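Colleague: Okay, sequence plus prediction incoming.
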Amino acid sequence: MEEQVILSLLEKNARMSTRDLADILLADEESVIHTMDELEKNKIICGYHTVINWDKANQERVMAMIEVGVTPEREFGYDRVASNIYRFPEVDTMYLMSGKSEFIVIIYGKTMQEISNFVGAKLACIEHVKSTVTLFVLKQYKMNGVVFDEESKPDERLIMTP
Amino acid sequence: MNHKEYLSRHVQEIKPSGIRKFFDLANEMEGVISLGVGEPDFDTPWHIREAAIYSIESGKTFYTANQGLLELRKEICRYQKRRFHLDYDPIKNVVVTCGGSEAIDIALRAVVDPGDEVILLQPCYVAYEPGVQLAGAIPKFIELKEENHFKLTAAELEAAITDKTKAMLINFPSNPTGGMMNYDDYKELVPIIKKHNLIVISDEIYAELSYDDAFCSPANFPEIKDQVIVISGFSKAFAMTGWRLGYLCAHEVFAMAMNKIHQYIIMSAPSAAQYGAIEGLRHGDQHVAEMKEAYRQRRNYIVKGFNRIGLPTHMPEGAFYIFPCIKPTGLTSDEFCEELLKEQKVACVPGTAFGQAGEGYIRVSYAYSIEEIRAALARIEIFMKKYQKEKA
C-alpha cells in the first residue's frame, strides 16, 4: 500500500520531498527514504524524468515512431533482435506490439534527415529486421497526462463557501 | 415604506451567515490563499460532462418525471445497494432533487409541524438551522465534543429528547468537523431512535469520503430503516456541485409526501444534470475512488502540518475538512480568522459560522492540491510564530 502510494505520487511529481511524502503517508521520513531506496534498487523506480515541451524550448528536435517488422528467432523469440535495436543510444523507447509490426521504436533526432539516416543505415540493416515504417511526429498535444497547450486555469470556485 | 417590517417573521428571525463577512473581506483582497471552500477542486469527470452535453445535443431538454428520470432512480438504487448495502425501490422510495439542499428543505417540511422540535448536532452545516426555522419548527441543539471525535453519544441524544421532539437532522461524515459515526456508534443510538419514534433525516452527502471505517447509514439498521430519510447527491463524490443534483431515499409515504412538495416548488431537477448523473453512476466508480484517495492523502498531509505548527488538530474520519483547535492562541474563532486573513492572506472559516459550539475552532478545507496546502501552511506558520512571540 505504502509503496503504491509513493509510486503514484512520484509518478506525478518526481520532485515531491520526502518530508511531504512522509506526511501524506503518516510515516516518518527515514522509512520513506528507505522504501524509495528499495524501489530504486529493485529497478521499480527506474529514473526521475521531466516532462518537457521541446517545441517551446527553441531547440531543433524531431521525434519519430518507427514500426519495425522482424522475424523471431528460435530459442530467443523477439528478445535478441530487440536488444540489437535498443542498444543504439538513438532509441529512446521501444515496445513489443500486437498487430501488423512487431516493434514500435521511438527515436529523437535533431532533423528528419538524421532520423532517416539512422533508419536506413542502421535500423533496417539489423539482421532479422524485415521492414520499417517511419512516422514523424508533427505536434505533441499531451504527454504523461500533461496537456502542453493548456493555460493553467484560475480556480473558478468562490473564495469561501459553506 | 419600511420594507423590513413587511418581511415574514420566519425570515427576520434567520441570522445572517457567519461566512458572509469573511467572504466580503477575502474577495476584496489580492493574493489570498483560500482554505475556505466547501466544494471539490476536481472538475466533474469528463465522461459525465460529455454525457450531459450529448443529452442537450439530442434534444433531451424537457421536464422529466417529478421524481426524476426512472433510469436515474434505478441507477441510484443500484448504487446505494452496491456501495452502502441499502435496498430501495426506484418507483416507491426515491426522489431526485436540486442538490442535497432542496432535499433537506423538503424532508423537513414533509415531516414537521409548527412547534415540533428538531434535534440538530452542532457544529453543523449552516443551512440546517434556517431550514428547521423555515419549516416552522424549533431547532434543539446538541453540542458535539472534540474528545468524542464529534460523534453523537446515546446519553447526549437521550438528554435532548422531549415530548415535542419529532425529528433529528444529522450529517456524517460531517461538514465542518469531518466527524463520522461507524456501525458500533449507531448501534448505541438505534434503541433510543426506535423507542421515541424519532425521524432521522440523514444527510449522507459525504458518504463516499469515509477514509478509515466503512460508511454506515442509520438506514442500515432494519429496525429503524423506515424512520430514516437518506439524503445524498452528486456534488461531493462526483465533483458536481454546480449541477445541483441530489436525491432522497425514504419510506414510500415519506417519499411521496416529499415528492408532493418537490413537484410544486421545483417540478423536476435539471434534465442535463440527470443524464450526466446516470453516466456517473454507471461508469464513475473508478473516478470516485481516485478522488477519494487524493483527499485521503491531503487529509494526512494537512493534519500533520497543522499539528506541527502548533494548532492541535484531530484526524477527521471523513469529508474534506479539518477542524483545528485555535484555543492555544487565546483568540476567538472570529478574531483568528480575521487576523490570519489580514496578516497572511489565508482564508479559513470560523467555527462559530457552524454554531456556537464551534467557538475555539476553525474549519479548514483540504479540497486543494498538496502544493496549495503547502503554501497556505507556510503562511499560517509565520502567523503562529509571530503570535507565539507576542504572547511570550
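Modeller: Alright, I've got the coordinates.
Colleague: after the helix or strand hosting B:Arg298, next one along is what?
Modeller: Using DSSP states H and E, B:Arg298 sits within helix B:285-308. Following helix B:285-308 in sequence order, the next helix or strand is strand B:321-322 (DSSP H and E).
Colleague: which helices and strands sit right next to that next one?
Modeller: Here strand B:321-322 touches helix B:285-308, strand B:362-365, going by 3 or more Cβ pairs under 8 Å, 6 or more residues apart in numbering or on different chains; DSSP states H and E. (Glycine included, C-beta is placed from N, CA and C.)
Colleague: Next, the residue nearest to the spatial centre of chain A: secondary structure please.
Modeller: Centroid check for chain A by Cα atoms, centre = their mean gives A:Thr93 as the closest residue, at 6.4 Å. Assigned with DSSP: H, G, I helix; E, B strand; the rest coil, A:Thr93 falls in the strand class.
Colleague: Run through the residues that contact it.
Modeller: A:105-106 (Cβ atoms under 8 Å, 6 or more residues apart in numbering or on different chains).
Colleague: What of the one 3 residues further on?
Modeller: A:Leu96 makes contact with A:78, A:82, A:102-103, according to Cβ under 8 Å, 6+ apart.
Colleague: Tell me how far it lies from A:Gly145.
Modeller: To A:Gly145, A:Leu96 is 24 Å away according to Cβ to Cβ, to the nearest Å.
Colleague: Ok, B:Leu69 next?
Modeller: Going from B:Leu69 to A:Gly145 by Cβ to Cβ gives 34 Å.
Colleague: So for those two, which sits in the more crowded spot?
Modeller: B:Leu69 (20 against 8; other Cβ atoms under 10 Å in any protein chain shown).
Colleague: what's the nearest residue to that one if we skip its chain neighbours?
Modeller: Distances taken as Cβ to Cβ, 6 or more residues apart in numbering or on different chains put B:Gln274 closest to B:Leu69, at 5.0 Å, once the chain neighbours are dropped.
Colleague: Might you enumerate the residues of the stretch 201-350 of chain B proximal to chain A?
Modeller: Counting by Cβ under 8 Å from any Cβ of the partner chain, the stretch 201-350 of chain B comes close to chain A at B:297-298, B:300-301, B:304-305, B:347, B:349.
Colleague: Please produce CSV containing the residues you listed, extended by pLDDT and neighbour count.
Modeller: Output for these, formatted as CSV (pLDDT from 0 to 100; neighbours: other Cβ atoms under 10 Å in any protein chain shown):
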residue, pLDDT, neighbour count
B:Gln297, 97, 22
B:Arg298, 98, 23
B:Asn300, 98, 20
B:Tyr301, 98, 22
B:Lys304, 98, 20
B:Gly305, 97, 22
B:Ala347, 97, 25
B:Val349, 97, 30
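Colleague: and the helix or strand harbouring B:Ile53, how far from the chain's centre?
Modeller: For B:Ile53, the host element (DSSP H and E) is helix B:46-57. The chain centre lies 27 Å from the centre of helix B:46-57; the measure is Cα atoms, centre = their mean, to the nearest Å.
Colleague: returning to that earlier point: which one of the contacts of A:Leu96 is nearest to chain B?
Modeller: Set against chain B, the nearest of the contacts of A:Leu96 by Cβ to the nearest Cβ is A:Phe103 (31.1 Å).
Colleague: which SS state does the closest residue to that closest one other than its chain neighbours fall under?
Modeller: Leaving aside its chain neighbours, A:Phe103 sits nearest to A:Val68 (4.1 Å; criterion: Cβ to Cβ, 6+ apart). The three-state assignment at A:Val68 reads strand, by three-state DSSP.
Colleague: Dig out what A:Val68 forms beta bridges with.
Modeller: A:Val68 forms beta bridges with A:Phe103, A:Thr132, as assigned by DSSP bridges.
Colleague: May I have the residues that are in contact with it?
Modeller: Counting by Cβ under 8 Å, 6+ apart, A:Val68 has contacts A:85, A:101-105, A:123, A:129, A:131-132.
Colleague: From A:Gly77, how far off is it?
Modeller: Relative to A:Gly77, A:Val68 is positioned 15 Å away (Cβ to Cβ).
Colleague: that older thread, doesn't the residue nearest to B:Leu69 belong to a helix?
Modeller: Yes - residue state for B:Gln274 (three-state DSSP) corresponds to a helix.
Colleague: Could you report the neighbour count for it?
Modeller: B:Gln274 has 24 nearby residues by other Cβ under 10 Å.
Colleague: Quickly note the distance from B:Asp213 to B:Leu198.
Modeller: Taking Cβ to Cβ, one finds B:Asp213 at 23 Å from B:Leu198.
Colleague: the more surrounded of the two?
Modeller: Between B:Asp213 and B:Leu198, counted using other Cβ under 10 Å, the more crowded position is B:Leu198 (20 against 14).
Colleague: Now do the same contact list for the residue lying closest to that one once chain neighbours are set aside.
Modeller: Among residues not flanking B:Leu198 along the chain, B:Met168 sits closest, at 5.6 Å (Cβ to Cβ, 6+ apart). Counting by Cβ under 8 Å, 6+ apart, B:Met168 makes contact with B:118-120, B:157, B:193, B:198-201.
Colleague: Which other helices and strands does the lengthiest helix in chain A contact?
Modeller: Longest helix in chain A by number of residues (criterion: DSSP state H): helix A:29-41. If contacts are counted by 3+ Cβ pairs under 8 Å, 6+ apart, helix A:29-41 sits against helix A:2-12, helix A:18-25.
Colleague: quick one: which of these is nearest A:Trp54?
Modeller: Nearest of the helices and strands packed on helix A:29-41 to A:Trp54, taken as Cβ to Cβ: helix A:2-12 at 20.6 Å.
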